[in-house]
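In: how would this look folded up:
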Amino acid sequence: MGFAEELQRFGLLLPLGSPTVVLAGTHGDIDRLYPAIDAALRQHPHYRLVLAAAETGAMRKYYPHELILPLPHSVAWQRWLRRLGVVLVIGPSALSGLSPAGFVDSSKAITPTMLAALLPPLAVPERKPSRGSFLIGLFGGPAIASLHELAEKLGKPRTIVCLGNGPSSEDPRLADFSDAALFRVNWNWRGRNWLTAPDMVFTADPDLPGAGRRPLIAFPTAVVGRPILLRHLRAMRPPSAGYVFIDEIDPPVADLAGPMIATNGALMIAIAAALEPERIVIAGMDLYQHPEGRYPGDTTALDGYSRQHSAEIDLKLVRSALSGFDGETIILSDNLRLALAAR
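Out: Numbers count the residues shown, from 1 in each chain. A predicted model of the protein is given here:
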């Protein structure tokens, strides 16, 4: 366990956010209960889930789309729960006396209906500007507010390659487009030694870019992006090429106001089409249904859409974006191509 995780066990360096449900226990306990809890929280999308375990490494590999934290020290439970905004803990009975929040014994039978009844509906949170907006404006790199500015910044590319993170993102045919502008999603492609110098990265993850090249960064919303930009500033790694809040770009390309929104991969395709290149090449958009797993070379990660997203929302946006695109579209992701054709 690293130094940062030790601090988290004392209630420090915790990600603040929405009202939170904690599922605590061993890897086996969490695997057993996760389907029911995931189903319950899909009915209450404004709640956040934290998976808390003693060993976090394997958990992060299996649940890459969830927030994984180490179990707190017994003396720090109250601070840990308070800092995370925990409203419900699901875990072994030994934890019941430590939690002032609601508690469900994980040894009992648990159903999605039962859990959903314990979580009252939440109002849509007010979208407040980050307290760090002033610092971001000074040191966060150039803000890009329009598609016109973005096209100019990218050099008005004739071809844009859009890579999701599914196994088809390593299709060898992509080598034919080495001169294209490269769009990628999140940062988990680093270390694969394949198309690792993107011009633009679409992300909502707090991971920092590498110390080398700093591409343009696009965030789905300003509410998501500003705290991440502050994290970049604290690490002295601002996106010097610039950044985009997609919900503020002019003209708009997607509706991002609801509790469920398109994935970064679908937003990437919508932006690429709106930039009006001559050609768009799409790979790695496997709709979390590829037989080789969620990511290239990784058969351990749990597949499927996270609670904030769905295949239906993605396909609606991608279909709309590509239907208005007059250039050539090459789709190397078989699942996406077949889904778009099956209207």
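
In: What is the helix or strand hosting residue 315 packed up against?
Out: Take DSSP states H and E as the rule and residue 315 turns out to sit in helix 311-323. Helix 311-323 is packed against helix 264-274, helix 334-341, with contacts defined by 3 or more CB pairs under 8 Å, 6 or more residues apart in numbering; DSSP states H and E. Where you see a C-beta, it was placed from the backbone N, CA and C, and this is true even at glycine.

In: try 10 Å this time
Out: Helix 311-323 is packed against helix 264-274, strand 279-283, strand 328-331, helix 334-341, with contacts defined by 3 or more CB pairs under 10 Å, 6 or more residues apart in numbering; DSSP states H and E.

In: What's the local residue count around the closest residue in space to residue 259 that isn't next to it in sequence?
Out: Spatially, and ignoring its direct neighbours in sequence, residue 259 is nearest to residue 45 (3.9 Å; CB to CB, 6 or more residues apart in numbering). Neighbourhood size, residue 45 [other CB atoms under 10 Å]: 15.

In: these two touch, right, residue 45 and residue 308?
Out: Yes: between residue 45 and residue 308 there is a contact at 6.4 Å, judged by CB atoms under 10 Å.

In: contacting residues for the residue nearest to residue 259?
Out: 18, 122, 124, 258-260, 307-308 (CB atoms under 10 Å, 6 or more residues apart in numbering).

In: Where strands are concerned, which of the residues you listed count?
Out: Among the contacts of residue 45, no member falls in strands (DSSP state E).

In: Top of those by number of neighbours, please.
Out: Busiest of the contacts of residue 45 [other CB under 10 Å] is residue 307, holding 20 neighbours.

In: Tell me which residues touch it, please.
Out: For residue 307, the contacting residues are 38-39, 41-45, 47-49, 65-66, 259-260, by CB under 10 Å, 6+ apart.

In: now the strands: where do they sit in the protein?
Out: 20-24, 48-53, 67-70, 86-91, 102-105, 159-163, 181-185, 200-202, 216-219, 243-245, 279-283, 328-331.

In: Select the longest helix from the chain.
Out: helix 27-42 (DSSP state H).

In: for the nearest residue to residue 337 once chain neighbours are set aside, what are its contacts?
Out: Distances taken as CB to CB, 6+ apart put residue 331 closest to residue 337, at 4.3 Å, once the chain neighbours are dropped. Taking CB under 10 Å, 6+ apart, we find residue 331 in contact with 162, 168, 269, 280-283, 285, 318, 322, 337-338, 340-341.

In: If any of the residues you listed are buried, give me the ChimeraX selection for them.
Out: To isolate the buried members of those in ChimeraX, using 16 or more other CB atoms under 10 Å:
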select :162,168,269,280,281,282,283,285,318,322,340
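
In: Residue ranges in the stretch 151-300 of the chain under the pLDDT threshold?
Out: 208-213, 235-237 (pLDDT under 70).

In: about what we covered before: residue 180: which of the contacts of residue 331 is nearest?
Out: residue 281 (6.8 Å; CB to CB).

In: Isn't that closest one up against residue 164?
Out: No: judged on CB under 10 Å, residue 281 makes no contact with residue 164 at a distance of 12.0 Å.

In: overlap in contacts of these two?
Out: Jointly contacting residue 281 and residue 164 under the rule CB under 10 Å, 6+ apart are residue 183.

In: hmm, back to that, would you turn the helices and strands packed on helix 311-323 into CSV with distance to residue 192?
Out: Output for those, formatted as CSV (distance: least, CB to CB, whole Å):
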stretch, distance to residue 192
helix 264-274, 16
strand 279-283, 13
strand 328-331, 21
helix 334-341, 20
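
In: buried ones in stretch 180-195?
Out: Neighbour counts over stretch 180-195 (16+ other CB under 10 Å) mark 180-189, 195 as buried.

In: residues in contact with residue 144?
Out: When contacts are counted by CB under 10 Å, 6+ apart, residue 144 touches 150-154, 216-218, 241-245, 248-249.

In: The longest helix of the chain to strand 20-24, inter-axis angle?
Out: 160 degrees (axes from the mean of the first three to the mean of the last three CA atoms, to 10 degrees).

In: how about the helices in the stretch 51-200 of the chain?
Out: For the stretch 51-200 of the chain, the helices defined by DSSP state H, counting those that start in this stretch occupy 57-62, 77-84, 112-117, 133-139, 147-153.

In: before we move on, the earlier item: spit out the residues that contact residue 45 and residue 308 alike.
Out: Common contacts of residue 45 and residue 308, defined by CB under 10 Å, 6+ apart, comprise 258-260.

In: Just the CA atoms of stretch 258-275, as CSV, please.
Out: Extracted in CSV, the C-alpha atoms of stretch 258-275 (Å, rounded to 0.1, in the frame of the first residue of the first chain):
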residue,chain,number,x,y,z
GLY,A,258,-29.2,14.8,-17.4
PRO,A,259,-28.0,12.2,-14.8
MET,A,260,-27.1,9.9,-17.7
ILE,A,261,-24.9,11.1,-20.5
ALA,A,262,-22.9,9.8,-23.4
THR,A,263,-19.5,8.3,-22.8
ASN,A,264,-16.3,10.1,-23.6
GLY,A,265,-15.9,7.8,-26.6
ALA,A,266,-19.3,8.9,-28.1
LEU,A,267,-18.6,12.5,-27.3
MET,A,268,-15.2,12.1,-29.1
ILE,A,269,-17.0,11.0,-32.2
ALA,A,270,-19.5,13.8,-32.0
ILE,A,271,-16.7,16.4,-31.7
ALA,A,272,-14.8,14.8,-34.6
ALA,A,273,-17.8,14.9,-36.9
ALA,A,274,-18.6,18.5,-35.9
LEU,A,275,-15.0,19.5,-36.9
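
In: Nice, that's everything, thank you.
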